[in-house]
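**Student:** this one's structure only:
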């Protein structure tokens, strides 16, 4: 039996942001960005509310998907009893604890439902047989109930995992890990179902005539690779900033890089499978969505996604040295993050601009607003906590991890 | 291919076999043998010892490059075959699509890429390890039977330029070998 003092591998001060460190200013910078972005959104959005709501939806989905990806990552780590990832688990925990904030950031979209979702307009179903058929699901009250259920489930799981894991930092109670492992399986199922329905509600129903049975997995693939890309940027950035330098080693970076490589391929597999089946069957109610994205300048975006979200990073991330070196891994992560944003932009925006790509200042303003809130909240949490689960019973195994 | 390579040292002696008691002893002995400049030698353990490849000074295997090559070859062959069949050799209109409908070719391209990469990995691994090998002089040693159980060995082959039956034997003794024996070919 290992005594409790032997289990403690780290002192809390080894794993916190020291006073005076520049990272202490992240919450302030985030808040300033959010306020300035919101002001810009208000000014520009007043004259073009439709553009505002679409831009805001893209940015909201981007940061929401990162939080959902982080929750998946941590749940999978618990369920599989992975040991390498314990040193970077708190990054995931920090990111998914923004999910209750995401519920607040969702509220503005409710005021733009008429602009975003054609089915939500009163009498929309009157002259549209398909919408009439779908009305039992696609109606405003049920949409609101579903959204409330999604955010309730996500916030519950996120807060539960965050609080228990943070509590373990002071108690070192190993039974917490066992409890969280037992919850992980059911939580993954709940998360998979809710995020599938959420992606259908918020993205697919922009074009309510269209449907794809693969869309939930597609959204998951993007979320997960998006979070791993964020981790690929944050982990080397923390080392560069002098935080956790001795704790996150090239061995851990290597595993993050392997995940990034694998899920880049997974995203491509899912994205292409969705396209191939629809393209091959050639049924009008399925092809309309891709047709809008394979015409005019949207076709160029589709090509960029194919090369940039798969081809280039696939070969870039293949090598061993790229994954084990901080700055090369971070470059790959930043690239995938940009491509993940473009992917969501490409899913949402052709509904607003069917005739071609129209970048707008509001796209950037909405990104800064939601991103400021997201980064500010994450930075605020990071200041208040240890950056690794300092008393996780298996932390020592994670610290000593080596790739065979 | 590997069957054609000359895999064993010529001459009456295969080399020296030294037995060590613990993985730690073996690890440090490997570092010294590496630093002494030996090139044709190997370490044998019942289980993987972390970092031993570094202590032995092994270079990284060329296997990943071979797998990349065979994988890309398979993908190119799969794509090329379908292109040739559908667009040139036997053009048929299938569900109203053009002859050269590349999205339809991707699954086979992917599968052949994976197949060739996997076959390349297995056979190149066997080739690089000089396998299959039906006989090896190390099996003459009685103590070597414990290599799958609880003993740790270094073998230095007689065609190593620095090999000398008595001096190398003394080196191994000085590194803490429990038992050193000279093996016949």
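**Tutor:** Good, I have the coordinates. Quick caveat: nothing in here was measured; it's all calculated off a predicted structure.
**Student:** centre of the chain to the helix or strand containing residue A:396, how far?
**Tutor:** If you go by DSSP states H and E, residue A:396 is part of helix A:395-399. Helix A:395-399 has its C-alpha centroid displaced from the chain centroid by 26 Å (CA atoms, centre = their mean, to the nearest Å).
**Student:** and for that helix, what are the contacting residues?
**Tutor:** A:7, A:9-10, A:83-87, A:247, A:252, A:388-389, A:392 (CB atoms under 8 Å, 6 or more residues apart in numbering or on different chains). Backbone N, C-alpha and C define where each C-beta goes, glycine included.
**Student:** mind listing what's buried in it?
**Tutor:** By 16 or more other CB atoms under 10 Å in any protein chain shown, the buried positions in helix A:395-399 come out as A:395, A:396, A:398, A:399.
**Student:** how close does the spatially most central residue of chain A get to residue A:172?
**Tutor:** Closest to where the C-alpha atoms of chain A average out (CA atoms, centre = their mean) is residue A:66, at 1.4 Å. Applying CB to CB, to the nearest Å, the value for residue A:66 to residue A:172 is 30 Å.
**Student:** again with residue A:288
**Tutor:** 57 Å.
**Student:** repeat that for residue A:77.
**Tutor:** 19 Å.
**Student:** what do you get for residue A:239?
**Tutor:** Residue A:239 is 26 Å from residue A:172, by CB to CB.
**Student:** higher neighbour count, those two?
**Tutor:** Neighbour count, other CB atoms under 10 Å in any protein chain shown: between residue A:239 and residue A:172, residue A:239 has more, with 20 against 16.
**Student:** contacting residues for that one?
**Tutor:** A:245, A:248, A:326.
**Student:** repeat that with 10 Å
**Tutor:** Residues in contact with residue A:239 (CB atoms under 10 Å, 6 or more residues apart in numbering or on different chains) are A:245, A:246, A:247, A:248, A:249, A:250, A:252, A:253, A:326, A:330.
**Student:** list the contacts of the last one.
**Tutor:** Read it as residue A:330. With CB under 10 Å, 6+ apart, residue A:330 has these contacts: A:229, A:232, A:233, A:234, A:235, A:236, A:237, A:239, A:240, A:253.
**Student:** ok, now the fifth one?
**Tutor:** For residue A:249, the contacting residues are A:87, A:239, A:324, A:399, A:400, A:401, A:402, taking CB under 10 Å, 6+ apart as the criterion.
**Student:** now, of these, which are buried?
**Tutor:** Using 16+ other CB under 10 Å as the burial test, these include A:87, A:239, A:324, A:399, A:401 as buried.
**Student:** what is the nearest of those residues to chain B?
**Tutor:** Distance to chain B, by CB to the nearest CB, is smallest for residue A:401 among these, at 10.7 Å.
**Student:** could you find the closest non-adjacent residue to that closest one?
**Tutor:** Excluding the flanking residues, the one nearest residue A:401 by CB to CB, 6 or more residues apart in numbering or on different chains is residue A:84, at 4.5 Å.
**Student:** packing partners of the helix ranked longest in chain B?
**Tutor:** Counting by DSSP state H, the longest helix found in chain B is helix B:102-128. Judged by 3 or more CB pairs under 10 Å, 6 or more residues apart in numbering or on different chains; DSSP states H and E, the packing partners of helix B:102-128 are helix A:250-281, helix B:63-83.
**Student:** quick one: it to helix A:250-281, angle?
**Tutor:** 140 degrees (axes from the mean of the first three to the mean of the last three CA atoms, to 10 degrees).
**Student:** next, the angle helix B:63-83 makes with helix B:102-128.
**Tutor:** Orientation of helix B:102-128 against helix B:63-83 (the same axes, to 10 degrees) gives an angle of 140 degrees.
**Student:** now helix B:102-128: how far from the chain's centre is it?
**Tutor:** 20 Å.
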